[in-house]
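1. just need the structure, nothing else, for what follows:
(one chain, ligands or ions: 2)
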Amino acid sequence: MISVDEALAHCLALVTPLPLEPVPLAQSCGRYMPQPAIATRDQPPFAASAMDGYAVQGDPMAGDRFTVVGEAGAGHAWQGTLGPLQAARIFTGAPLPAGATRVIIQEDVARDGDLITIKDGADAGPHIRPAGQDFRAGDTLSARLLRPNDLALLASMNIAMVPVSRRPVVAIIATGDELVMPGDTPGPDQIIASNSFTLKALAEEAGAEVRLLPIARDTMDSLTYVLGLASDADIIVTTGGASVGDHDLVAQVAERLGMQRAFWKIAMRPGKPLMAGRLGNAAMLGLPGNPVSSVVCAHLFLLPMIRAALGMPQDAIAPQPRPAVLAQDTGPTGPRTHYMRARLTHTDGVPQITPFDRQDSSLLSILSSADALLIRPADDGARRAGETVSYLPL
Ligand SMILES: Nc1nc2c(c(=O)[nH]1)N[C@H]1C(S)=C(S)[C@@H](COP(=O)(O)OP(=O)(O)OC[C@H]3O[C@@H](n4cnc5c(N)ncnc54)[C@H](O)[C@@H]3O)O[C@H]1N2
Ligand code: MOO
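-> Ligands and ions are numbered 1, 2, ... in the order given. Coordinates of the predicted model:
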């Protein structure tokens, strides 16, 4: 059995970065922008008032009086130039008139006709947003998976079309005679297919376009048919049928269809029967059927494959282990690296990690309560509470 790192290297060798495509800004959320975006203008493009009030010159004191000689609104600059003892009525977002050095908020002013008088206790803030204080033309937003907050920034940089990586198409195929879809009525020996839903959500969050294909039954014909439906995908993911049982036919069928296997079985718990290879133009990842195994393998292999297909940099592809303090004693491990479902807490800002007592790879209730995978190396001895260990956030 190969190690997790070796298996990941094989998986990543199966994908190549996808080409760029421009998308309208409003549709760019969740897409990966592989090149930095470059601002085409300063923001704000002019010194602007940050408040509703009066623009004046100098540093007036309580009781000082000014004559209001103009008005500036957002989108409506006042073209005049302020002199000493002159004020311009001004509103938030309006360009600051020439000659003005400060905005007095209107609450700090008594107005009588065209005269304003500064009240006692007026605040000292200039209430001016200098030109370019947010960003300057030529400033960049670095390559990233675009999130909602990034979109407003791209908009104010005046980027209407965003070059993003094409989404990798991930086809997900659940396999097994025992499976029915949620909402269907299972027979007495059937269960509800669960794996595909978490896999789909994870893959979409990572930037993929997901197709949920029909459940394939444990026959050569059914698997052949459904795998055929996935032939235009970039990554084909199967769950189940990966082990050694008489009905575990995925590898056999895929190989008949021409799959070149990269590996089968890894020294990982859960996830031992993981398989990967190339099928036509697609990378194929055969996940184990046990629900938790399929999800843990998706975190460790599918998501990195999606990130690699999106063109993310090397250091952003694999999940990065983090340190935590073990909150309770745990026993020795066997010959496979164990990714234990665990819960994180914080004491004085230091993460503490507690593995769940039950680690059976069928337990979705435990997975749903977990927020971390405690990584226990293969052939590791017992570990005591207080020792530093590694984990992956979920
Ligand atoms: N003799 C051996 N038996 C098994 C071994 C082994 O090494 N020798 N490995 C075990 C391990 S570890 C795993 S993991 C499982 C994986 O087997 P398969 O990938 O062939 O998965 P299935 O047998 O099809 O299913 C396993 C289990 O998961 C349920 N399942 C499958 N798909 C779904 C789904 N989409 N949603 C919900 N549940 C699903 C299925 O009903 C089974 O209960 O093999 C062990 N056996
Ligand atoms: O490796 Mo299996 O995935 O332990 O349950």
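
2. report whether the strand or helix carrying Glu6 contacts ligand 2.
-> Assessed by DSSP states H and E, Glu6 sits inside helix 4-13. No. For helix 4-13, no contact with ligand 2 is found by C-beta under 6 Å from any ligand atom; the gap never falls below 12.0 Å. Where you see a C-beta, it was placed from the backbone N, CA and C, and this is true even at glycine.

3. average pLDDT across that helix?
-> In this model, helix 4-13 has an average pLDDT of 98.

4. parallel or antiparallel, which strands does whichever helix or strand comes after it pair with?
-> Per DSSP H and E, helix 4-13 leads on to strand 20-24 as the next helix or strand towards the C-terminus. Partner strands for strand 20-24, per DSSP bridges, with pairing direction: strand 161-165 (antiparallel).

5. which phi and psi does the residue in the stretch 51-200 of the chain positioned nearest to ligand 2 have?
-> Nearest residue of the stretch 51-200 of the chain to ligand 2, counting by C-beta to the nearest ligand atom: Asn195, 11.7 Å away. Main-chain dihedrals, Asn195, degrees, to the nearest 10: phi -60, psi -40.

6. around ligand 1, which positions in the stretch 151-300 of the chain sit nearby?
-> 174, 176, 178-179, 191, 193-196, 239-245, 248, 270, 272-273, 288-291, 293.

7. and the residue of the stretch 201-350 of the chain nearest ligand 1?
-> Counting by C-beta to the nearest ligand atom, the stretch 201-350 of the chain gets nearest ligand 1 through Gly289, at 2.5 Å.

8. now stretch 253-272: buried residues?
-> 253-254, 259, 261-272 (16 or more other C-beta atoms under 10 Å).

9. circling back to that earlier point, taking the residues of the stretch 151-300 of the chain next to ligand 1 one by one, which sit in strands?
-> Counted as lying in strands by DSSP state E, out of those, are Ala174, Leu179, Ile191, Thr239.

10. can you flag the buried ones in those?
-> Ala174, Leu179, Thr239.

11. can I get these in JSON lines including pLDDT and distance to Ala208?
-> Below are those laid out as JSON lines (pLDDT from 0 to 100; distance: C-beta to C-beta, whole Å):
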{"residue": "Ala174", "pLDDT": "98", "distance to Ala208": "17"}
{"residue": "Leu179", "pLDDT": "98", "distance to Ala208": "22"}
{"residue": "Thr239", "pLDDT": "98", "distance to Ala208": "16"}
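
12. now render those as TSV, adding distance to Asp380.
-> Output for those, formatted as TSV (distance: C-beta to C-beta, whole Å):
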residue	distance to Asp380
Ala174	34
Leu179	35
Thr239	29
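
13. list the buried residues in the helix holding Glu6.
-> Buried-residue list, helix 4-13, by 16+ other C-beta under 10 Å: Val4, Ala7, Leu8, His10, Cys11, Leu12.

14. coming back round to it: any idea which of the buried residues of stretch 253-272 is closest to Pro321?
-> Met268 (14.2 Å; C-beta to C-beta).

15. separation between that closest one and Gly277?
-> 17 Å (C-beta to C-beta, to the nearest Å).

16. can you show me the helices along this protein?
-> 4-13, 148-156, 195-205, 220-229, 250-256, 291-297, 303-309, 364-369 (DSSP state H).

17. contacts only, for the closest residue to Gly93 other than its chain neighbours.
-> In space, and not counting its chain neighbours, Gly93 is closest to Ala74: 3.5 Å by C-beta to C-beta, 6 or more residues apart in numbering. Shown in contact with Ala74 (C-beta atoms under 8 Å, 6 or more residues apart in numbering): Phe91, Thr92, Gly93, Ala94.

18. neighbours around Arg144, how many?
-> By the criterion of other C-beta atoms under 10 Å, Arg144 has 15 neighbours.

19. can you name the residues that contact the residue lying closest to Asp248 once chain neighbours are set aside?
-> Here the nearest residue to Asp248 in space, its sequence neighbours aside, is Gly241; by C-beta to C-beta, 6+ apart that works out to 4.6 Å. Residues counted as contacts of Gly241 (C-beta under 8 Å, 6+ apart) are Thr175, Gly176, Asp218, Leu223, His247, Asp248, Leu249, Val250, Gly286, Gly289.

20. mind checking the backbone torsions on Gly241?
-> Dihedral angles (degrees, to the nearest 10) for Gly241: phi 60, psi 20.

21. and if you look at the one 4 residues further on?
-> For Gly245, the backbone dihedrals (degrees, to the nearest 10) come out as phi -70, psi 170.

22. from Ala251, how far out is it?
-> Gly245 is 12 Å from Ala251, by C-beta to C-beta.

23. which of these two has more residues huddled nearby?
-> Ala251 (20 against 11).

24. could the buried residues of helix 4-13 go into TSV alongside distance to ligand 1?
-> Below are the buried residues of helix 4-13 laid out as TSV (distance: C-beta to the nearest ligand atom, whole Å):
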residue	distance to ligand 1
Val4	15
Ala7	14
Leu8	18
His10	18
Cys11	17
Leu12	22
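
25. so can I have CSV of the residues you listed showing distance to Gln106?
-> Shown next, in CSV, are the buried residues of helix 4-13 (distance: C-beta to C-beta, whole Å):
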residue, distance to Gln106
Val4, 64
Ala7, 66
Leu8, 61
His10, 67
Cys11, 62
Leu12, 60
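
26. mind listing what's buried in stretch 329-340?
-> By 16+ other C-beta under 10 Å, the buried positions in stretch 329-340 come out as Thr330, Thr333, Arg336, Thr337, His338, Tyr339, Met340.

27. burial count for the closest residue to the fourth one other than its chain neighbours?
-> This points to Thr337. Distance criterion C-beta to C-beta, 6+ apart; nearest residue to Thr337, sequence neighbours excluded, is Ala378 at 5.0 Å. By other C-beta under 10 Å, 16 other residues sit near Ala378.
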